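K.L.:
Task: produce atomic coordinates for the following.
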Amino acid sequence: MRESPGRTRRAVLAGAGAAVTASLAGCSGLPFGESRTTVTGEQVSAILAEEPPSIPDRLPVAFAASYLDGTESDLESALASVPAPFDAAAVPNGAMRDHLNRSAAAAREALAGADEEPTPTERAGSLRHARREIGYVAGGWAAIDGDRTIPDVRDDGEALREELGAFRDRWAHLGADAIEAAVVNDAIAGLVRSCIGDLNRVLTTEERDTTTALDVAEADEHLASARGELRDAAHLLDRLRGGDGVRDRRDALASAADALVDHVGERRIDAGLDEGPFTAEADREAPPAERALRDLRDDVRRGDLGETLESGAFPQTIVGAHGTLAQIGAVETLRSRVDSGEAIDPASAADVDTMRTRAREAVVTVHEEGEYPRLDRLQTHRLAAVLRYVDERLARVDADDEVALSRLDWELRDLVRAEAVARSVGDASVAVARALGEAD
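P.N.:
Here you go, the predicted model:
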């Protein structure tokens, strides 16, 4: 079943990086509570007066504006070729009509929002979202108005599989230096991985007696996603190939990935995170720092970079090591604060303001002062997205209303976590840069 279109929490977390913001899952609104300690909408507005930091594009080799302009133009033409919104004469089935019209509206929203995205990478993401929705609408309409079937979609999927194979044959871990090669090829790998997942959905879809136009629409949705993901991956590879001083860095990435897996293992042992039970359920009464600490410990223990390394996914191993090292540093920071009694147990709007300010300043500091900005942005982009999302949640408190402070548990925990991770990003980048420099 398809999810409702719009800017859902899942969409926000996907754009931000679920590894950093996983603790936001499960939060739903800011209901009023019975706690005697409250924060008013006016106080929240004052807390949110300073905007979250703006971080440059995560990728050192970005999507070209001309490529994104062309993609947007093609998608607008594809959407215009479909007579949406559909009326009862075009699509008599009300439920089917509603699904198609909602996807058409979501596509228009994604296209309109693409130009407002702050970076080329985020604009590309919005355009992939639009492509997915347009694929659903166009596929469903082709099945209703024409004779498009599941086998037709699978045939197109087989052709795309051949394109994917040709791309993988020419894909090399290129870069002007090892950092560029690691960061950009990790992004390419993510797109390829998503393409394979969508393509598998297409190729395993079976025609049934109960198949409807919406089944065709869903298959075409996955086909469109796979096509967009492959196109974007190929574009990034071409952008790498056209740079100065570019060469294949695979051997350097392999050596650095191996060294970093060992280094992460040593850091886990030093921090006492190599073993121990997982947290079954966080204590709702515990201060945000304690709950953030538990989440981070569990995340570090769950990570298995060894499997990623053994699969030959060297850029992913390196980027994963960077994230894990930042998390280990955050665990040590929070553990020290909790043990020394320095962690804030929020009891007022001023405490909320302090926690948000600390998180924001930590992200700004590493962004402005970090020695390796291309590596720092692997985390600062995600952390800035967390701050924006928390702000969106807090801003739901109307000016004349108030909310129990205890109802901000999720938001405050994520502010604490974002600050702790941000303070460890610089050290993580130094470690990764050292491994890449020694291997290159």
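K.L.:
Are there helices or strands packed against the longest helix seen in the chain, and which ones?
P.N.:
The longest helix of the chain (DSSP state H) is helix 409-439. Counting contacts by 3 or more C-beta pairs under 8 Å, 6 or more residues apart in numbering; DSSP states H and E, helix 409-439 packs against helix 18-21, helix 178-203, helix 250-270, helix 288-302, helix 314-340, helix 349-369, helix 373-394. The way it works is simple: take the backbone N, C-alpha and C, and place the C-beta from them, glycine included.
K.L.:
Can you say which of those helices is nearest to residue 77?
P.N.:
helix 178-203 (22.2 Å; C-beta to C-beta).
K.L.:
Tell me which residues of that closest one come out buried.
P.N.:
Buried residues in helix 178-203, defined by neighbour count with 16 or more other C-beta atoms under 10 Å: 178-189, 191-192, 194-196, 198-199, 201-203.
K.L.:
So for that helix, mean pLDDT?
P.N.:
Mean per-residue pLDDT for helix 178-203: 98.
K.L.:
for stretch 75-95, same thing?
P.N.:
Rounded mean pLDDT across stretch 75-95 is 97.
K.L.:
Over to stretch 411-418?
P.N.:
Per-residue scores along stretch 411-418 average to 96.
K.L.:
Check the offset of the longest helix of the chain from the chain's centre.
P.N.:
16 Å (C-alpha atoms, centre = their mean, to the nearest Å).
K.L.:
Counting neighbours, which bits of that helix end up buried?
P.N.:
For helix 409-439, by 16+ other C-beta under 10 Å, it's 409-426, 428-429, 431-433, 435-436, 439.
K.L.:
and of the helices and strands packed on helix 409-439, who's closest to residue 210?
P.N.:
helix 178-203 (18.2 Å).
K.L.:
which other helices and strands contact that closest one?
P.N.:
So helix 178-203, by 3+ C-beta pairs under 8 Å, 6+ apart, packs with helix 150-170, strand 174-175, helix 213-241, helix 250-270, helix 314-340, helix 373-394, helix 409-439.
K.L.:
Any stretches of the stretch 151-300 of the chain with poor pLDDT?
P.N.:
By pLDDT under 70, the low-scoring segments of the stretch 151-300 of the chain are 276-284.
K.L.:
Now with 90, please.
P.N.:
In the predicted model, the stretch 151-300 of the chain carries pLDDT under 90 at residues 274-287.
K.L.:
Just to check, residue 81 is in contact with residue 137?
P.N.:
No - Residue 81 is beyond contact range of residue 137, at 10.1 Å (criterion: C-beta atoms under 8 Å).
K.L.:
who's more crowded, the two?
P.N.:
residue 137 (28 against 11; other C-beta atoms under 10 Å).
K.L.:
any idea how far that one is from residue 79?
P.N.:
Computed as C-beta to C-beta, to the nearest Å, the residue 137 to residue 79 distance reads 7 Å.
K.L.:
Common neighbours of the two, please.
P.N.:
104, 107 (C-beta atoms under 8 Å, 6 or more residues apart in numbering).
K.L.:
Contact partners for the nearest residue to residue 358 once chain neighbours are set aside?
P.N.:
Take residue 358 and drop its neighbours on the chain: the residue closest to it by C-beta to C-beta, 6 or more residues apart in numbering is residue 419, 4.9 Å away. Listed by C-beta under 8 Å, 6+ apart, the contact partners of residue 419 are 355, 358, 359, 362.
K.L.:
quick one: which of the helices and strands packed on helix 409-439 is nearest residue 96?
P.N.:
helix 178-203 (20.4 Å).
K.L.:
What strand or helix carries residue 140?
P.N.:
helix 120-145 (DSSP states H and E).
K.L.:
and that helix, what other elements does it pack with?
P.N.:
helix 9-16, helix 65-80, helix 94-114, helix 213-241.
K.L.:
how about the longest one: buried residues?
P.N.:
What it means is helix 213-241. 213-237, 239-240.
K.L.:
Helix or strand next in line after that helix, which one?
P.N.:
Heading C-terminal from helix 213-241 (DSSP H and E), you reach strand 247-248.
K.L.:
ok, back up a step: okay, the helices and strands packed on helix 120-145 in a markdown table with distance to residue 207 next?
P.N.:
What follows is these, written out as a markdown table (distance: least, C-beta to C-beta, whole Å):
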| stretch | distance to residue 207 |
| --- | --- |
| helix 9-16 | 30 |
| helix 65-80 | 25 |
| helix 94-114 | 18 |
| helix 213-241 | 9 |
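K.L.:
Specify the stretch among the ones you listed that is closest to residue 159.
P.N.:
helix 213-241 (10.0 Å).
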